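Enquirer: sequence and predicted model, in that order:
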Protein chains: 4
Amino acid sequence: MFLELDMAGDKPIYVQLKEQIIEGIARGSLRPGDDLPSVRALAADIGINLHTVNKVYQQLRQEGYIQIHRSRGVMIHPDGFLKADKTYRTNLKATLRPLIAEAIVHDFSAEEFARLSQEVYEQILTKEGGEDE
Amino acid sequence: MFLELDMAGDKPIYVQLKEQIIEGIARGSLRPGDDLPSVRALAADIGINLHTVNKVYQQLRQEGYIQIHRSRGVMIHPDGFLKADKTYRTNLKATLRPLIAEAIVHDFSAEEFARLSQEVYEQILTKEGGEDE
Amino acid sequence: MFLELDMAGDKPIYVQLKEQIIEGIARGSLRPGDDLPSVRALAADIGINLHTVNKVYQQLRQEGYIQIHRSRGVMIHPDGFLKADKTYRTNLKATLRPLIAEAIVHDFSAEEFARLSQEVYEQILTKEGGEDE
Amino acid sequence: MFLELDMAGDKPIYVQLKEQIIEGIARGSLRPGDDLPSVRALAADIGINLHTVNKVYQQLRQEGYIQIHRSRGVMIHPDGFLKADKTYRTNLKATLRPLIAEAIVHDFSAEEFARLSQEVYEQILTKEGGEDE
DNA sequence: GTGGTCTAGACCACG
DNA sequence: GTGGTCTAGACCACG
């Protein structure tokens, strides 16, 4: 897989793992219907705790990203895009709010914020590495 | 003050407090040079511990939002806007990355993301209430 | 460990502890990748409060001396030497300035100052005891 | 006078004042036998508390930098250089020790440390401004 | 009166 | 078991 976990950073491992799977879906590396490794296999592969992988899979299932079948294993949800309903939009706005307040104090206009977001969109879709760019 | 903390939620109190002070600066309720309450006064006012407030003040100082005078109290940094340097932009992009990956999977275009950000900008600047709106 | 704290002196405990850990790294007693005791273990070991140790660890982490893994404990930063960038040099010069002004008034030449510094270098690297020696 | 105090910084005002007077002596702006303003006059001049100035003068007197005569006021000690005795050297070494330990971890050799000290010597003696240079 | 430091003790998230 | 967060309460340095 394409996973790279930073065991030292202050972001919890399960959060990193979850984010990277979602980013994999976003950029098309993982496509609707694709198989994911079993909990056990993935945990062994990247050398982390079973509980950690399990927690991630449960959350991804609950949020509609993946399906878990008892016998046939784990796969990316075959329906493709999730729905961007009111709940999603409300949560996103609440999450953005402190970031945008910070941006304002840094004299960052809405246009600049949009431009920077656009850059991130392109980084993800063109599979560019994150962090230090 | 204009503070409203959710003691039950899973967002730490000190993070909420910090975010609300930054938003206060962003929307102009707190202006460069304004006094902030002393650590003890604010703690008593909102019914939390002195150390929690102190932690917030120390972080805000370190990030350039406020100045702390040893025996004359605390004030919003008189220089106004902080600089949006490369470090700031890099961090912001890293923070946005998982949000935007999620957005993509929700079939949210860069334009829609920009429009929603714009709404948040306006909410903050026109002093509209946050979270559940 | 090699720690000896003066609880009575006017130098704060957390400063003493921080300095001694840095000196331990400097003279090679603590090497890149070495484990440090957990916050609680060290606090119990030297008979001080957990928060005091935690403050030291947080500062050391922020300055790049150590890494803190959420549930695997603390270790000396594996990358070895820190970079002596412009910020570091500027801070060091600002710190030295009052010491050197004093030295001048004591008729201490730059050469004598260098010689005395050299002695301290050797004391640290050859593990000689500090303070009153 | 040539004093510039940073009321916001975390260095206590009395320490800043004391350091600047000593630096004034070091670079020859204040010469043996020169008069200093009275406690009252200096406090009024720079807008700080009487106690603060008084504390500084008492410490400077005790360390041999100035003389205080009840009726004839305050003056730089007429004898010129202070003696760099064993006590002075021991204290200086103890003060330098944590700075040099830090320097070692930053891969700073004794020679580089001496060179940087030399720069500070020259800055003081040629009356260059401090802090940001 | 202000922030700085320190203690003692508690519950929680992570893995 | 580890660090993260929070509380309650104390004494001190500074001005």
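Expert: Here it is on my side, so go on.
Enquirer: any part of stretch A:14-25 near DNA strand F?
Expert: No - Stretch A:14-25 stays clear of DNA strand F (Cβ under 7 Å from any atom of the strand), getting no nearer than 12.8 Å. C-betas here are computed from N, CA, C, even on glycine.
Enquirer: what residues sit buried inside whichever strand or helix holds A:Glu119?
Expert: Using DSSP states H and E, A:Glu119 sits within helix A:110-125. Within helix A:110-125, the residues that qualify as buried are A:Ala110, A:Phe113, A:Ala114, A:Leu116, A:Ser117, A:Glu119, A:Val120, A:Tyr121, A:Gln123, A:Ile124, counting by 16 or more other Cβ atoms under 10 Å in any protein chain shown.
Enquirer: that helix vs chain B: in contact?
Expert: Yes - Helix A:110-125 is in contact with chain B by Cβ under 8 Å from any Cβ of the partner chain, via A:110, A:112-114, A:116-121, A:123-125.
Enquirer: give me the mean pLDDT for stretch A:56-72.
Expert: Mean pLDDT, computed over stretch A:56-72, is 95.
Enquirer: got the end-to-end distance for it?
Expert: End-to-end distance for stretch A:56-72, by Cα to Cα, to the nearest Å: 18 Å.
Enquirer: show me the contact partners of that stretch.
Expert: Stretch A:56-72 has contacts (Cβ atoms under 8 Å, 6 or more residues apart in numbering or on different chains) with A:14, A:17-18, A:21-22, A:25, A:36, A:39, A:74-78, A:82, B:105.
Enquirer: may I ask which two of those are separated the most?
Expert: The largest separation in the contacts of stretch A:56-72, counting by Cβ to Cβ, is between A:Tyr14 and A:Pro78 at 24.5 Å.
Enquirer: which one's more surrounded, those two?
Expert: A:Tyr14 (18 against 10; other Cβ atoms under 10 Å in any protein chain shown).
Enquirer: the more buried one belongs to a strand, doesn't it?
Expert: No - applying DSSP: H, G, I helix; E, B strand; the rest coil, one finds A:Tyr14 to be helix, outside a strand.
Enquirer: what's the neighbour count on the residue of chain A found nearest DNA strand E?
Expert: Per Cβ to the nearest atom of the strand, A:Ile13 is where chain A lies closest to DNA strand E, at 3.1 Å. By other Cβ under 10 Å, the residues close to A:Ile13 number 21.
Enquirer: who's in contact with it?
Expert: A:Leu5, A:Met7, A:Ile48, A:Thr52.
Enquirer: show me where pLDDT drops low in chain A?
Expert: A:1, A:129-133 (pLDDT under 70).
Enquirer: the same query, at a cut-off of 80, please.
Expert: Chain A contains residues with pLDDT under 80 at A:1, A:127-133.
Enquirer: mind giving me the domain ranges of it?
Expert: Here the domain parsing of chain A from automatic domain parsing is A:13-76, A:86-125.
Enquirer: count the residues that sit near A:Ile48.
Expert: 19.
Enquirer: I'd assumed it was in a helix, is it?
Expert: No - when classified by three-state DSSP, A:Ile48 is found to be coil rather than part of a helix.
Enquirer: how about it, what does it touch?
Expert: By Cβ under 8 Å, 6+ apart, the contact set of A:Ile48 is A:Leu5, A:Ile13, A:Leu17.
Enquirer: can you do 10 Å?
Expert: By Cβ atoms under 10 Å, 6 or more residues apart in numbering or on different chains, A:Ile48 lies in contact with A:Leu3, A:Leu5, A:Met7, A:Ile13, A:Tyr14, A:Gln16, A:Leu17, A:Leu42, A:Val56.
Enquirer: quick check: phi and psi on it?
Expert: phi -120, psi 180 (degrees, to the nearest 10).
Enquirer: if I look at it, how far off is A:Pro12?
Expert: 11 Å (Cβ to Cβ, to the nearest Å).
Enquirer: now swap in A:Ala94 and tell me
Expert: As for A:Ala94, its distance to A:Pro12 is 20 Å (criterion: Cβ to Cβ).
Enquirer: cool, A:Ser29 as well?
Expert: Noted for A:Ser29: a distance of 23 Å to A:Pro12, by Cβ to Cβ.
Enquirer: next: A:Glu63.
Expert: Separation of A:Glu63 from A:Pro12 (Cβ to Cβ): 17 Å.
Enquirer: leaving out the residues flanking it, which one is nearest to A:Ala8?
Expert: C:Gln67 (4.5 Å; Cβ to Cβ, 6 or more residues apart in numbering or on different chains).
Enquirer: which strand residues bridge that neighbour?
Expert: Beta-bridge pairing for C:Gln67 (DSSP bridges): C:Met75.
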